[in-house]
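Visitor: kindly return the folded structure for what I paste below:
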Amino acid sequence: EVQLVESGGGLVQAGGSLRLSCAASEFTDDDYTIGWFRQAPGKGQEGISCISNRDGRTYYADSVKGRFTISSDNAKKTVYLQMNALKPEDTAVYFCNIFANYVDYWGQGTQVTVSS
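Guide: Numbering: from 1, shown residues only. Sure thing, here's the model as predicted:
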């Protein structure tokens, strides 16, 4: 069974930084996209960043562009999200996601809270 385990969430003041990590276990596909979604209280899910393991292409939502950086270690099937210049509106539960062979795999989520 594929498992995604996130870490790195927490409480930070506005303007601060956090680094999220997500490690995939029991995952053997070689062609996939891995990334991050978030869901703030009372709001829908937002896809914020992802990276393709095949060609390294990245995607960023406008809301995080220039502040967040995604990277990955394909050998370890791990993805990282460096979040800088955090804002209170970045407060949300952040979920790791892998999309492979038309199947989505999800982590359990990690809370990020940014205080003003």
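Visitor: surely residue 40 meets residue 91?
Guide: Yes - counting by CB atoms under 8 Å, residue 40 sits close enough to residue 91 to count as a contact (6.2 Å). For glycine as for every other residue, the C-beta is placed from the backbone atoms N, C-alpha and C.
Visitor: can you name the residues bridging to the residue nearest the centre of the chain?
Guide: Centre of the chain computed as the mean C-alpha position; nearest residue by CA atoms, centre = their mean is residue 36, 2.7 Å away. Residue 36 has these beta-bridge partners by DSSP bridges: residue 49, residue 96.
Visitor: that one and residue 23: what is the separation?
Guide: Using CB to CB, to the nearest Å, residue 36 is found at 13 Å from residue 23.
Visitor: kindly report the same for residue 106.
Guide: From residue 106 over to residue 23 the distance is 14 Å, taken as CB to CB.
Visitor: who's more crowded, these two?
Guide: Taking other CB atoms under 10 Å, residue 106 and residue 23 do not tie; residue 23 has more neighbours (18 against 13).
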